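Chemist: let me see the structure of the following:
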Amino acid sequence: MAALERLEAWEPHLNAFTTVFSGQALRSARRLQSQPSRTRGGGALWGIPVAVKDNLHMRGVRTTAGSDAPVSPVPRRHATAVARLFAAEAILLGKTNLPELAYGPVDTYRYGPTRNPWRLSRFAGGSSMGSGAAVAAGIVPAALGSDTTGSIRNPASWSGVTGLKPTYALVSVYGMVPLAPSLDHVGPLGRSALDCAILLDVIAGYDPMDPGSDPRAREGFGYARVTGLPPSPTRVGVLRSLFAPLAHDVASVLEQSLDTFASLGVRLVDVEIPGWNQAVHDALLIAKVEASVSHADLLSSYAGRLQPQVRERLRDGLAVPVTDYVHARARARVFRRRLGDAFEAVDVLALPGRERTAPPMDADGGRPPGETGARYTAPFNLTGFPSLVLPVGLDREMLPVGLQIAAPPWRDATLLCLANAYQQVTDWHTRRPPAPDASSATTQAQSLTKDLRGEERPIQLFDKE
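Modeler: Below is the predicted model of the structure:
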């Protein structure tokens, strides 16, 4: 299986996975190959290897959520999104690494840092860092991540892949370890918008097991409506104020991508959205409070097994006055209307994916201070509007630059269609980092994972039969 060969070459350098199901993946591939030819390819993902972030449940496998603490019992059911992957006949290659509880800072992890395939000394992004790196390295063509204030789109920006935070409630979060339920999303990362559309078609849809699921959520939301060109003229509102603090080379790459969109017949319009920075602040406050509530039992019973930074974040959230939370929710409703009003004049918004390309990590996987990625992504979690990051170039250090586009709720297909049109005339989504050289590896992954008995052991990657 080619995916396992790529994993064997890359994983000691990346540390993208907490668990790899190599034996199971091979058995699944053999079973699919043994099907009569008339029934082959019946599933939309027939035989395609995928990975899922390790905060999504898989029946019978401990969900670590990047933590040593017992985040949940060994699940008896798959997360709905995972079950839909299996129903589509995908091959689940493994579960991917993340900062603790998907809440730890990008350099706070129990199972070690995931390194960026483009530069092993750089971050891959949080918190869906393992999923983004696995796709960027070509180990899998697509993976599932989760996004509470930017955790699909941030690794998409830094790792040079396409990542979609869908409309809130389009994809079920049943079976996901919650962080901030009013902001949590499950979504795809893929090589291209078309790959994300195919995966979205599989995982989207109403789910009675998820209390927040919306009956408007349905299958068939992506692929069939993405292969053509977007309606013309599409009006794209450019949030210029968010381009101002960018490094010159990053801003230049983004401007070139906007020129390419214009060449496709897109009409660019500069826009401003009042209250943007307040919305970022409110999203982070809401996330802090809801995360502390989601993990209050864990904090009470297993505080000593949590990473210190995560433990303090959870304690800080419990100390937030309830009036602050209520006021933030009220302002969020106002901002949602304001953002909706902006789409009366434009069809899509365009803004940076991140404020910079992937920053360097130190020898222990630490990071420099001052990262503010939520500024570009969190308002779309606050409002539930869909947004997508796609690779649009490289900076002067040859690191990926991502452009973010956003649309009104239930217009996910509009984003995918526009991104696909861009990717039909550019090749940034097809570029891959060079394969790692074993002699120049900066680190050997020393991650730990859990087997089904819950015993700690070195990660078992290659249980080939």
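
Chemist: just the strands in the stretch 201-350 of the chain please.
Modeler: Along the stretch 201-350 of the chain, counting by DSSP state E, counting those that start in this stretch, strands occupy 235-239, 267-271, 348-352.

Chemist: for the second one, packing partners?
Modeler: Contact partners of strand 267-271 among helices and strands, from 3 or more CB pairs under 8 Å, 6 or more residues apart in numbering; DSSP states H and E: strand 235-239, helix 248-263. For every residue, glycine as well, the C-beta is placed using N, CA and C.

Chemist: partner strands of it, with direction?
Modeler: Here strand 267-271 is paired, per DSSP bridges, with strand 235-239 (parallel).

Chemist: check which residues of the helix or strand containing residue 7 are buried.
Modeler: In the assignment (DSSP states H and E), residue 7 maps to helix 2-14. For helix 2-14, burial by neighbour count (16 or more other CB atoms under 10 Å) applies to 3, 4, 6, 7, 9, 10, 11, 12, 13, 14.

Chemist: also stretch 429-440?
Modeler: 429, 433, 436.

Chemist: break down this structure into its helices, ranges please.
Modeler: Assigned by DSSP state H, the chain shows helices spanning 2-14, 22-33, 80-87, 129-136, 153-159, 193-203, 248-263, 276-294, 296-302, 308-318, 322-342, 374-383, 412-425.

Chemist: neighbours around the residue nearest to residue 320 when sequence neighbours are not counted, how many?
Modeler: For residue 320, ignoring the flanking residues on the chain, the nearest one in space by CB to CB, 6 or more residues apart in numbering is residue 289 at 5.1 Å. Residue 289 is flanked by 23 other residues according to other CB atoms under 10 Å.

Chemist: do residue 318 as well
Modeler: 14.

Chemist: ok so, going back, name the stretch among the helices and strands packed on strand 267-271 that sits most buried.
Modeler: strand 235-239 (a mean of 19; mean count of other CB atoms under 10 Å).

Chemist: so what pLDDT did residue 105 get?
Modeler: Looking at residue 105, its pLDDT reads 80.

Chemist: where's the closest residue in space to it that isn't next to it in sequence relative to residue 417, distance?
Modeler: Closest residue in space to residue 105, ignoring its immediate chain neighbours: residue 309 at 5.9 Å, by CB to CB, 6+ apart. As judged by CB to CB, to the nearest Å, residue 309 and residue 417 stand 40 Å apart.

Chemist: who has more neighbours, these two?
Modeler: Taking other CB under 10 Å, residue 309 and residue 417 do not tie; residue 417 has more neighbours (24 against 15).

Chemist: quick check: the more buried one touching residue 226?
Modeler: Yes - contact criterion CB atoms under 8 Å: residue 417 and residue 226 qualify, at 4.9 Å.

Chemist: and the residue nearest to residue 273 when sequence neighbours are not counted, how far is that from residue 418?
Modeler: Once flanking residues are discounted, residue 273 sits nearest to residue 342: 5.4 Å by CB to CB, 6+ apart. Distance of residue 342 to residue 418, computed by CB to CB: 17 Å.

Chemist: between these two, tell me which one has more neighbours.
Modeler: The neighbour comparison of residue 342 against residue 418 (other CB under 10 Å) goes to residue 418, with 27 against 17.

Chemist: show me the contacts for the more buried one.
Modeler: By CB atoms under 8 Å, 6 or more residues apart in numbering, residue 418 lies in contact with 230, 234, 236, 261, 266, 348, 405.

Chemist: measure it to residue 16 for me?
Modeler: Distance from residue 418 to residue 16, by CB to CB: 29 Å.

Chemist: could you measure from residue 123 over to residue 117?
Modeler: Counting by CB to CB, the gap from residue 123 to residue 117 is 12 Å.

Chemist: between the two, which is the more surrounded one?
Modeler: Between residue 123 and residue 117, counted using other CB under 10 Å, the more crowded position is residue 117 (29 against 26).

Chemist: how much space between that one and residue 16?
Modeler: For residue 117, the distance to residue 16 - CB to CB - is 9 Å.

Chemist: which neighbours do the two share?
Modeler: Common neighbours of residue 117 and residue 16 (CB under 8 Å, 6+ apart) are 10, 124, 133, 137.

Chemist: can you pull up the most central residue in this protein?
Modeler: residue 152 (2.0 Å; CA atoms, centre = their mean).

Chemist: could you find the closest non-adjacent residue to residue 85?
Modeler: Residue 85 sits nearest to residue 50 (CB to CB, 6+ apart), 6.0 Å away.

Chemist: about what we covered before: just the contacts of residue 418 now: which is nearest residue 100?
Modeler: residue 405 (30.5 Å; CB to CB).

Chemist: the closest one touches residue 385, doesn't it?
Modeler: No - using CB under 8 Å, residue 405 is not in contact with residue 385; the gap is 10.9 Å.

Chemist: spatially nearest residue to residue 193 (excluding sequence neighbours)?
Modeler: residue 419 (3.6 Å).

Chemist: and residue 304, how many residues sit next to it?
Modeler: Using other CB under 10 Å: residue 304 sits among 9 other residues.

Chemist: pLDDT score assigned to it?
Modeler: In this prediction residue 304 is given a pLDDT of 96.

Chemist: counting neighbours, what do you get for residue 244?
Modeler: With other CB under 10 Å as criterion, residue 244 counts 7.
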